Structure formats: structure tokens, C-alpha cells
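Visitor: following is a predicted model, sequence given first.
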Protein chains: 2
Amino acid sequence: MHSQCSEKHEGGYVQATNPHLKSMKEDFLYHFNLGTATHDLPAMFGDVKFVCVGGSPARMEEFIKYIAGELGLASPDGEYPNLCEGTDRYAMYKIGPVLSVSHGIGVPSTSVMMHELIKLLHHAHCSDVIVVRLGTSGGIGLKPGTVVVTKQAVDATFRPQFEQWILGKPVVRGTELDAELAKELLQCGKELAEFETVFGNTMCSMDFYEGQARLDGAFCSYTEEDKQKYLDSAYAAGVRNFEMESTLIAAMCKLSNIRAAVLCVTLLDRLKGDQVTSPHEVLKRFEQHPQILMGHYIKKKLKSYQKK
Amino acid sequence: MHSQCSEKHEGGYVQATNPHLKSMKEDFLYHFNLGTATHDLPAMFGDVKFVCVGGSPARMEEFIKYIAGELGLASPDGEYPNLCEGTDRYAMYKIGPVLSVSHGIGVPSTSVMMHELIKLLHHAHCSDVIVVRLGTSGGIGLKPGTVVVTKQAVDATFRPQFEQWILGKPVVRGTELDAELAKELLQCGKELAEFETVFGNTMCSMDFYEGQARLDGAFCSYTEEDKQKYLDSAYAAGVRNFEMESTLIAAMCKLSNIRAAVLCVTLLDRLKGDQVTSPHEVLKRFEQHPQILMGHYIKKKLKSYQKK
């Protein structure tokens, strides 16, 4: 059932393909505390071109400060208001063409955010937008600190698909990401040469412990050998990291005519252990890697637009 | 495959049934930023008896202030430190025997928190603990503001089960909640008589829009009639509210020898619409209903202990 995928995309505008939206007098994006009746969304968001999303609200605030400084648009020490004022479900920051939004942990949390984000971009008449997840992950056979540019976002059986339940029935959606964007991002990593950047498939699990074959959860019904076999089969399927949001983001962007990519840093090598125990400063530095890569990409793109 | 469910429970202690935990020199609960090597967990948490969990960190902070005042343990205007200092993944507050923890939105986010919570309670040698979710939900045929005490937590097909993927394969777990605790909570609601309190089945969906048959998401492949049929079949199956965490909490507590309950207030009646548009003050008052009910229950229990 890929029926939604066949819908036509108009120009470069963000598509919210839901036909019911047209008949709504207003649309209140409850979890953002923003709405078409209360906010001038085109004025607030019409110029957005680069949407960066990630789990932690504090990290997405750090990113907007970093990118403001990098683009020379404002001081990185300035105050950036959270545009989702009045709710603590998500945090949202903006500077120039860059929007930075938190999505919390996991597919359902990210799904709520993505539905409202896509509607927001649609209501604001945004065009030629890209969405990039800047995340953290567990690596498979990679040095911690490596950035994985996702080639294919896959499920727990290593297939590039996302299962969405609708009216009590499962609907399988494709998770193809934008191949050109992925190549450009990999190239940026190579140009920077500040940390390893590699292509790899990314497995999206529904939890952090049992779903990622960890031995250190509250429950564990398998042996160390079973775990090793699963990680080996993941590696053989091209998987280089595990995280918890990629297939959903890929599937939703595909349905909305949005070019999307996933950039996750690996905080540990799962072939060597399960616990995330690197010192705080080291983890903080690792978390900056996707931000630095994305900053380089945005600067490069803005320069190329100026030349045109 | 209900193999885990057959494991024996010892006394009233919280069980982390994972046999691998015994061989770990230390256990760092990464998303709480708490660990056995860095914190004296029995001293910090050994006296916990009532664990209240909910999506929003701000709401869980409000709850600890409320309950501190209700129990006469401290001022509701005081400062309550977030025990998950140094991370913004979850927030945790404690006063006396009450622990209040946020879980974010959805099953995966809640799963990460619950794994670390169960291990925390286990490492702290807690006994006779109950876990109660104080949440928000969409009601089915109920007046907004009603508190639903969950009888059965069910999936999108209205079955009392939770599917956990382990090593690339689905494992189905039961979601039975504690019937006695549910009865006591319903009784508390009746005694208070400040708002409607009812028994009902609670459907746990994997998203807020398509998974709950809303017509106002970014995508919608079904008609208003299809939606109505789904809501009617939910009602016929005894479902009185939709939310996004109940089956996971029920399944994990069952595996851990923890008595659990789910108390959600309904913010709207889904038979009448999809958007959450009540005024902010009204929603804030509704959100207090499960807290007030839980406060009454805790006071009653503590009084009955004192009498013994």
C-alpha cells in the first residue's frame, strides 16, 4: 500500500497532501502552540530553507546559536526565543533561513512534531526546503565521534520501510532519502576533515535497549552471543548505526516533497559495549560534529545562491 | 512468546529481571545522568513508594510542588531540583515517598525512561512501589475534563497487548494493569466528586494524527466516514480514550512486579472533533485532574499506613 506516494508534487512547495486541510477555517498546531488564526506563519517562517531537527531541545538551541555565528547573522552569545512558547513539548528556534526544532526521543514523538512541522511549512508557503536530522546514535564498527550520513534508513529487519498504523491496519511506506543531498553532505564532511564522515545504512529501532540488542536494559531475554549475531547481521546489511527516528523522518519527508537527510554522530561502538560512558566533554564535542558539518553545508549553499 | 512473564517475583521488590545486570561493575543510567558508581541510589531513592509519570517535564514539576503541599512535606512554592541534572532528556523530582518523572511523548521515549526507572528502583532496593501514569488524552464520547482510569490498555486493534521487537522479531507482551489499584483510584475520584471519573479501556497509538484517525494531520488517506467507523468500533470495544504510552507502561510494569495504573484526563471529545482548542486556562485545569486524584489517593494510603 504505497498509495500516498503516487500523489503529485507541485513545484518546490512543501506539500501537506491532506485534502481535509482546505476545509478547515483555522489550523492550530497544538504541540507547537502556533496556529493559522493566531500567528502570521508566512511572515514568521516563509523564508525557511534549512530545517534541522534533533532529539534534545538544549542541543537544538545550541545549534541555532552556532549557526547564527557561522553565518554572521547574529551573535552566538545572543538570546534566541523559543518559538514554541507556552508549551514544553518541543522547542523551536530560527535565524535567517535556518529553523532548528527538537523532536524528543523516538518515532511517535518525532511523528507529532513532523506532522505539525510539515503543516507549518505548508501554511507558511515555504519552498525548496530541506530537512536534516542532526542526531546521536550507536555505531556499528565505527570509531566513536564518526558522523554517519544515512544511505538507507531501515527497520529492525534491515528493510528500507516504515510501518504506519492507520485505522487499525498497518500501511508500509518507503524510506528513500535524497541521494544527491546525502552525497553533498558526505562531501562536506570530507572537505572539513575534522572527524570521520561515512556513508552507511541506519537502523531505526522502537527502543534503546531490547530493540537495539543491548544487554543492559531492565529486561534481557537473549544471550551475548545472540546479540553479537544480530549486530553482525546488521553490519552485513550495511548498517553502520542504530538510532530511533530515521525511518519516520524519511517516510514523512518523501510524502511531502521535502528533500531529507540524516546525519548522526556515533557516541560509542556497539561492537565493543552497550553503555554510553565517555566523559561528558567528549560526548559534547561528538554532538557538535553533525552541527559543524551542517554549518559547512549551509554556508556553501548560501554562497552558491549569492553567485547566481 | 510470553516467556518473560513467567519469571518469579521476589517479595515486593522491584525486579529488573535481566540476568546480565549482576555481572556489571557499574550501571550508568545514561538518559537520567545517574549511575551506581556516581550516586548512592539506595540513599537517594530507597524510600520511594509512589512513582508518577507523565509526558511533559513542566507538568511533572508542577505535580511535585502540588503533592509537597498536599502532604505538608514542603512548600508548593519551593524550589525542587531536577534530579536528572545535566541532561534534558527527562526530568525527575522527588518529595518524601513520591517520585515524579517525565517520559516525553510516545512509546519509544517512554520505554527508554521506564528501562532506566525500573533499574533505578531495583538498584535502590525499593519495595512495594506503584507506578501511575498521569496523562492527557483524547476522549471518546466523554465530556472534556473527565478522568479515565484505564481498565485495559489496548493497541490499535483494541487488543490488550504490546508488541516489542527483539533481535529483529516481534514479541507480544500482555498489558494487564493492577485491577485493585484501578478500583481504588476510581473510588478516589468518586469521593472527590470534583470532576467525572470513569473506568474505560485506553487505546495506545503510535502517533497523534493518522494513528488516532484524525483528519487534521499533514496526510490523511481516509474519509470522515472511515474515521467515524473506527471511533465507533473503538467505543464498541470499550475504549474511552486514546493516548500514546499506556500499553508500554502496563507491559513493562507487569514484567517487573510493579503494580501500575493509568489515569488520563480527556482534553476533548474525539466524536466531536480533532483539534485541541479549549482555552489555555481550561486545559491547564483539566491537566490538574489526574494530579488531584492521585494526591487524594496518596494521602489516603499514607494515613492508612500510619494507623497500622
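Guide: Good, I have the coordinates.

Visitor: for the residue lying closest to A:Pro170 once chain neighbours are set aside, grab phi and psi.
Guide: The shortest distance from A:Pro170 to any non-neighbouring residue, by CB to CB, 6 or more residues apart in numbering or on different chains, is to A:Glu163 (5.0 Å). Every residue, glycine included, has its C-beta placed from N, CA and C. Main-chain dihedrals, A:Glu163, degrees, to the nearest 10: phi -100, psi 120.

Visitor: can you tell me which residues contact A:Glu163?
Guide: A:Asp155, A:Pro170, A:Val171, A:Val172, A:Arg173 (CB atoms under 8 Å, 6 or more residues apart in numbering or on different chains).

Visitor: bridged to it, which residues?
Guide: A:Val172 (DSSP bridges).

Visitor: state the pair within the contacts of A:Glu163 that is farthest apart.
Guide: The most widely separated members of these, counting by CB to CB, are A:Asp155 and A:Val171 (13.8 Å).

Visitor: what about the two, which has more around it?
Guide: Higher neighbour count among A:Asp155 and A:Val171: A:Asp155, with 20 against 16, using other CB atoms under 10 Å in any protein chain shown.

Visitor: A:Thr136 should be in a strand, yeah?
Guide: Yes. When DSSP: H, G, I helix; E, B strand; the rest coil is applied, A:Thr136 is found to be in a strand.

Visitor: was I right about A:His123 contacting A:Asp40?
Guide: No. Judged on CB atoms under 8 Å, A:His123 makes no contact with A:Asp40 at a distance of 10.1 Å.

Visitor: overlap in contacts of those two?
Guide: Residues touching both A:His123 and A:Asp40 (CB under 8 Å, 6+ apart): there are none.

Visitor: looking at those two, which is more packed in?
Guide: Taking other CB under 10 Å, A:His123 and A:Asp40 do not tie; A:His123 has more neighbours (21 against 10).

Visitor: apart from its chain neighbours, what residue comes closest to the more buried one?
Guide: Leaving aside its chain neighbours, A:His123 sits nearest to A:Leu41 (4.6 Å; criterion: CB to CB, 6+ apart).

Visitor: burial of that neighbour, as a residue count?
Guide: Neighbour tally, A:Leu41, other CB under 10 Å: 21.

Visitor: try A:Ala43
Guide: By other CB under 10 Å, the residues close to A:Ala43 number 9.

Visitor: for A:Tyr13, give its distance to A:Gly174.
Guide: 21 Å (CB to CB, to the nearest Å).

Visitor: oh, I was asking about A:Asn33
Guide: A:Asn33 is 32 Å from A:Gly174, where distance means CB to CB.

Visitor: so what secondary structure elements neighbour the strand or helix carrying A:Ala43?
Guide: Element membership for A:Ala43, per DSSP states H and E: helix A:41-45. The contact analysis (3 or more CB pairs under 8 Å, 6 or more residues apart in numbering or on different chains; DSSP states H and E) places helix A:41-45 against helix A:107-123.

Visitor: ok so, going back, residues contacting the residue nearest to A:His123?
Guide: For A:Leu41, the contacting residues are A:Leu34, A:Leu120, A:His123, A:Ala124, by CB under 8 Å, 6+ apart.

Visitor: on that earlier part again, more neighbours: which of A:Asn33 and A:Gly174?
Guide: Remark: of A:Asn33 and A:Gly174, A:Asn33 carries more neighbours, 20 against 15, as counted by other CB under 10 Å.

Visitor: next one: that one from A:His39, what distance?
Guide: Look at A:Asn33 and A:His39: by CB to CB, they are 9 Å apart.

Visitor: with A:Leu177 instead?
Guide: 30 Å.

Visitor: and for A:Val172?
Guide: 36 Å.

Visitor: now A:Arg259
Guide: Distance of A:Arg259 to A:His39, given as CB to CB: 26 Å.

Visitor: re earlier: can you put the contacts of A:Glu163 in JSON lines and add pLDDT?
Guide: Formatted as JSON lines, the contacts of A:Glu163 follow (pLDDT from 0 to 100):
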{"residue": "A:Asp155", "pLDDT": "98"}
{"residue": "A:Pro170", "pLDDT": "97"}
{"residue": "A:Val171", "pLDDT": "98"}
{"residue": "A:Val172", "pLDDT": "98"}
{"residue": "A:Arg173", "pLDDT": "98"}
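
Visitor: for whichever strand or helix holds A:Tyr305, packing partners?
Guide: Here A:Tyr305 sits within helix A:280-307, counting by DSSP H and E. In this structure, helix A:280-307 makes packing contacts with strand A:50-54, helix A:57-70, strand A:130-139, strand A:147-154, helix A:179-192, strand A:259-269, judged by 3+ CB pairs under 8 Å, 6+ apart.

Visitor: swap in 7 Å and give it another go.
Guide: helix A:57-70, strand A:130-139, strand A:147-154, helix A:179-192, strand A:259-269 (3 or more CB pairs under 7 Å, 6 or more residues apart in numbering or on different chains; DSSP states H and E).

Visitor: report the buried residues of it.
Guide: The neighbour-count check on helix A:280-307 (16 or more other CB atoms under 10 Å in any protein chain shown) flags A:283, A:286-298, A:301 as buried.

Visitor: now do stretch A:167-179
Guide: Neighbour-count burial for stretch A:167-179, counted by 16+ other CB under 10 Å, picks out A:Leu167, A:Gly168, A:Val171, A:Arg173, A:Thr175, A:Leu177, A:Asp178.

Visitor: near chain B, which of the residues you listed show up?
Guide: With CB under 7 Å from any CB of the partner chain as the criterion, the buried residues of stretch A:167-179 include A:Leu167, A:Gly168 near chain B.

Visitor: so which two of the buried residues of stretch A:167-179 are the farthest from each other?
Guide: A:Gly168 and A:Asp178 (32.3 Å).
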